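# Sharing a model that was predicted from the sequence below.
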Amino acid sequence: MSNRRGGAAALAGLLAMAGVTHLVRPGFYDPIVPGALPGPPRFWTNASVARAGR
């Protein structure tokens, strides 16, 4: 059971780090935004952080 908790904690840490880097270094994520989405990539990078916080 403790192994499962360790894995969950590691995943939570990874997702938290990704959320922080979306805000601190958004230029890293802008190039992977699909071109089919309307508007600038930075909008979608920022929107993905706002949505994840809900």
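Noted; the coordinates are in hand. Numbering: from 1, shown residues only.
# Name the residues of stretch 21-39 that are buried.
Under the neighbour-count criterion of 16 or more other CB atoms under 10 Å, stretch 21-39 has 22, 29, 33 buried. C-betas here are computed from N, CA, C, even on glycine.
# who touches it?
41-42, 44-46, 48-49 (CB atoms under 8 Å, 6 or more residues apart in numbering).
# Rebuild those residues as JSON lines, extending it with secondary structure.
Compiled in JSON lines, the contacts of stretch 21-39 are given as follows (DSSP: H, G, I helix; E, B strand; the rest coil):
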{"residue": "41", "secondary structure": "helix"}
{"residue": "42", "secondary structure": "helix"}
{"residue": "44", "secondary structure": "helix"}
{"residue": "45", "secondary structure": "helix"}
{"residue": "46", "secondary structure": "helix"}
{"residue": "48", "secondary structure": "helix"}
{"residue": "49", "secondary structure": "helix"}
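# which among those residues end up buried?
Of the members of the contacts of stretch 21-39, the ones counted as buried by neighbours, 16+ other CB under 10 Å, are 41, 44-46, 48-49.
# Can I get the residues you listed in TSV including distance to residue 10 and pLDDT?
Supplementary listing: the buried ones among the contacts of stretch 21-39 in TSV, determined by distance: CB to CB, whole Å; pLDDT from 0 to 100:
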residue	distance to residue 10	pLDDT
41	29	95
44	27	93
45	24	90
46	26	87
48	21	84
49	21	78
